[in-house]
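Visitor: Curious how this folds, go ahead:
(2 chains)
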Protein chains: 2
Amino acid sequence: MTTTTTTAEDLFPTRLPTPTDFITRSQPAVWGSEGDGPFTASELEAHDRRGYTVLDDFITSDDVALYSGELDRLAADPALKDDPRMIAERTTGTVRSVFEIEKLSSVLEALARDPKVLDRARQIVGSEVYLHQTRINYMPSFTGTGFYWHSDFETWHAEDGMPVPRAVSLSIALTDNYPFNGGLMVMPGSHRTFVPAVGETPDNNHEQSLQAQEAGVPSHVAITAMADEYGIDQFTGAAGSALWFDSNIMHGSGNNITPYARSNVFMVFNSVDNALVDPFAAKSPRPGHIANRDFTPLG
Amino acid sequence: MTTTTTTAEDLFPTRLPTPTDFITRSQPAVWGSEGDGPFTASELEAHDRRGYTVLDDFITSDDVALYSGELDRLAADPALKDDPRMIAERTTGTVRSVFEIEKLSSVLEALARDPKVLDRARQIVGSEVYLHQTRINYMPSFTGTGFYWHSDFETWHAEDGMPVPRAVSLSIALTDNYPFNGGLMVMPGSHRTFVPAVGETPDNNHEQSLQAQEAGVPSHVAITAMADEYGIDQFTGAAGSALWFDSNIMHGSGNNITPYARSNVFMVFNSVDNALVDPFAAKSPRPGHIANRDFTPLG
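Guide: Model (predicted):
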């Protein structure tokens, strides 16, 4: 395993004592081109512009059943009951997320290396990649709670030491996503704009932030400005559809009072040329199962 | 004012100690016909089948501004601060609803008597009508909380003594309703089925039920069965659009984390032939500003 105590110039200052201007990033969302992988030139152009791409029927219904079975198996595994990789709903205690799934499931480890996944991740970030974070998310029916608006990159930069937004996330739906069962909302184009957060990072913030965020949350003024500028899209689609999205896109989700639970596989591919350094706005890095520091390329 | 201590046969037993079978109602949703008012025969047929009707551009943008001004005026009126007709959000204390608006605003009183409103209400219930309940609802941006699944008629029957579902509700949007800002979800066709609730009504239930329901809430099993049978539609539409819906349709709403607040005017028209009797499943009737017992026909 490679570890690091490197420091780097902070291009995205955040967790500041007072509000500061938004930062327009200079890094593209797409670093590769059509010849580098399965995405077409127009798909890449749209991804660079909107910050996300939806691919219907990305996996087969057999694979949906296979991965759902892995979710059920992991959620029920007594050996994982007190494992830090298991995150429970704050109110009900049911499983909300399981982290580091590539180490808990050979089936999901193989998914990360599947060419339809890996080649697209490499194409978007324009280099070899490694897994920065992986998880299965489960939002229950009736009582599912959402996640407030945020940029993943803001947290990964502040708390994990990710230098720049050169990472792409993949969310594969294992259940149907309707407009009304707590699916992801994204602000198309917002990935171009970094919204510095106000307020210092508490020690061991990750111990509660995976259930409900408090640090790194954009202000109402910032969210209003971003929504007025970019609007809001919803990720809807049948089980098996995939959402590829930029690490800095502003996104969130509402709650779910419907009888339709939601679950998905989530994998973050970071460029090996963007490996983590020391956190930019936290005293110590988060644990490896949340922010992987083994930068060995996937292959 | 007409008051009553009448009792009547209970066709819709609810708030029971144990789960019971759903009841298929014998009353239609539409009692009038094309010749009785503005709705066409096909609109009436669709309303009877689905239990709701959306009319875009029901009021003008000038009227949207006029009624929104009334909402702002009432919410800010210091004389109403401790008035029981003002209901605050449980968590934030901001105004959630103002009841009995026809007595607080001559502008809104005139709206209830506007022929485009009153003639449609009479046409649907097939008789003269009176106002059973009126309110302005306000769901704030960012922190708006929804309402869990319920049938209004279940509450009006149990707690107010409404004999049968011969009432129609009108909700006029004063803000744009997106699929993602906590708008109403309805189960089309569900109005045909009465879902008895389990559990006795607490004394003075209305003192908390207007903020968050606990009594009269359908079970997860019941909601799942209803959603599987009827599906879920969302009421979306620009400010000025109207939703007419049956008193017994199963509906609910999620929360709202977007910057887009939602507000609407809500009026319930009950048939004068369906006037309230003693509550069917509560010790005493709710106050008049929640369940009006003046059955004088609107005209």
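
Visitor: how about the strands in the stretch 1-150 of chain A?
Guide: A:23-24, A:52-55, A:86-88, A:95-99, A:129-139, A:150-151 (DSSP state E, counting those that start in this stretch).

Visitor: Quick one: closest of the ones you listed to chain B.
Guide: When the strands of the stretch 1-150 of chain A are compared by Cβ to the nearest Cβ, strand A:150-151 sits nearest chain B, at 10.8 Å. C-beta coordinates here come from the backbone N, C-alpha and C atoms, glycine included.

Visitor: coming back round to it: out of the strands of the stretch 1-150 of chain A, which is closest to A:Pro38?
Guide: strand A:52-55 (9.6 Å; Cβ to Cβ).

Visitor: ok so, going back, for the strands of the stretch 1-150 of chain A, give me CSV that also has distance to A:Ser68 and mean neighbour count.
Guide: CSV is the format used below for the strands of the stretch 1-150 of chain A (distance: least, Cβ to Cβ, whole Å; neighbours: other Cβ atoms under 10 Å in any protein chain shown):
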stretch, distance to A:Ser68, mean neighbour count
strand A:23-24, 40, 12
strand A:52-55, 19, 21
strand A:86-88, 17, 17
strand A:95-99, 13, 22
strand A:129-139, 9, 24
strand A:150-151, 27, 24
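
Visitor: Output these as JSON lines; include the columns mean pLDDT.
Guide: Output for the strands of the stretch 1-150 of chain A, formatted as JSON lines (pLDDT from 0 to 100):
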{"stretch": "strand A:23-24", "mean pLDDT": "98"}
{"stretch": "strand A:52-55", "mean pLDDT": "98"}
{"stretch": "strand A:86-88", "mean pLDDT": "88"}
{"stretch": "strand A:95-99", "mean pLDDT": "91"}
{"stretch": "strand A:129-139", "mean pLDDT": "96"}
{"stretch": "strand A:150-151", "mean pLDDT": "96"}
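
Visitor: can you tell which of those is closest to B:Ala222?
Guide: Checking the strands of the stretch 1-150 of chain A against B:Ala222 by Cβ to Cβ gives strand A:129-139 as the closest, at 21.1 Å.

Visitor: Identify the single longest helix in chain A, thanks.
Guide: Determined from DSSP state H, the single longest helix within chain A is helix A:61-76.

Visitor: Just the residues contacting that one, thanks.
Guide: With contacts defined as Cβ atoms under 8 Å, 6 or more residues apart in numbering or on different chains, helix A:61-76 is touched by A:59, A:80, A:95, A:98, A:101, A:104-105, A:107-108, A:111, A:136, A:138, A:172, A:174-175, A:239-240, A:263, A:265.

Visitor: tell me the angle that helix makes with strand A:95-99.
Guide: 100 degrees (axes from the mean of the first three to the mean of the last three Cα atoms, to 10 degrees).

Visitor: Output helix A:61-76 as CSV, restricted to C-alpha atoms.
Guide: Extracted in CSV, the C-alpha atoms of helix A:61-76 (Å, rounded to 0.1, in the frame of the first residue of the first chain):
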residue,chain,number,x,y,z
SER,A,61,-31.6,-7.9,-15.1
ASP,A,62,-29.6,-11.0,-14.2
ASP,A,63,-26.8,-8.7,-12.9
VAL,A,64,-29.4,-6.6,-11.0
ALA,A,65,-30.5,-9.7,-9.2
LEU,A,66,-26.9,-10.8,-8.6
TYR,A,67,-25.8,-7.5,-7.1
SER,A,68,-29.1,-7.1,-5.1
GLY,A,69,-28.3,-10.6,-3.7
GLU,A,70,-24.9,-9.3,-2.6
LEU,A,71,-26.6,-6.3,-0.9
ASP,A,72,-29.0,-8.6,1.0
ARG,A,73,-26.1,-10.9,1.9
LEU,A,74,-23.9,-8.1,3.3
ALA,A,75,-26.8,-6.4,5.1
ALA,A,76,-27.6,-9.6,6.9
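
Visitor: That helix: which residues count as buried?
Guide: Within helix A:61-76, the residues scored as buried using 16 or more other Cβ atoms under 10 Å in any protein chain shown are A:Asp63, A:Val64, A:Tyr67, A:Ser68, A:Glu70, A:Leu71, A:Leu74, A:Ala75.

Visitor: can you check stretch A:185-203 too?
Guide: Buried-residue list, stretch A:185-203, by 16+ other Cβ under 10 Å: A:185-199, A:201.

Visitor: and if you look at stretch A:77-97?
Guide: Neighbour-count burial for stretch A:77-97, counted by 16+ other Cβ under 10 Å, picks out A:Leu80, A:Arg85, A:Met86, A:Ile87, A:Glu89, A:Val95, A:Arg96, A:Ser97.

Visitor: hmm, who's touching it?
Guide: Stretch A:77-97 is contacted from outside by A:74-75, A:98-100, A:104, A:135-140, A:143, A:145, A:210-212, A:287, A:289, using Cβ under 8 Å, 6+ apart.

Visitor: Contact residues of the stretch 101-250 of chain A facing chain B?
Guide: Neighbours of chain B within the stretch 101-250 of chain A, by Cβ under 8 Å from any Cβ of the partner chain: A:141-142, A:146, A:148-149, A:178-180, A:182, A:185, A:220, A:223-224, A:227-228, A:232, A:234.

Visitor: Which ones among the residues you listed map onto helices?
Guide: Those of these mapping onto helices are A:His220, A:Ile223, A:Thr224, A:Ala227, A:Asp228, per DSSP H.

Visitor: which among those residues end up buried?
Guide: By 16+ other Cβ under 10 Å, those give A:Ile223, A:Thr224, A:Ala227 as buried.

Visitor: can you put the residues you listed in TSV and add pLDDT?
Guide: Listed next are those as TSV, based on pLDDT from 0 to 100:
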residue	pLDDT
A:Ile223	97
A:Thr224	97
A:Ala227	97
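
Visitor: I'd like the distance from stretch A:79-97 to the chain centre, please.
Guide: Offset of stretch A:79-97 from its chain centre (Cα atoms, centre = their mean, to the nearest Å): 19 Å.

Visitor: Would you indicate which residues of stretch A:170-183 are buried?
Guide: A:170-175, A:177-183.

Visitor: Give me the distance between the two termini of that stretch.
Guide: End-to-end distance for stretch A:170-183, by Cα to Cα, to the nearest Å: 15 Å.
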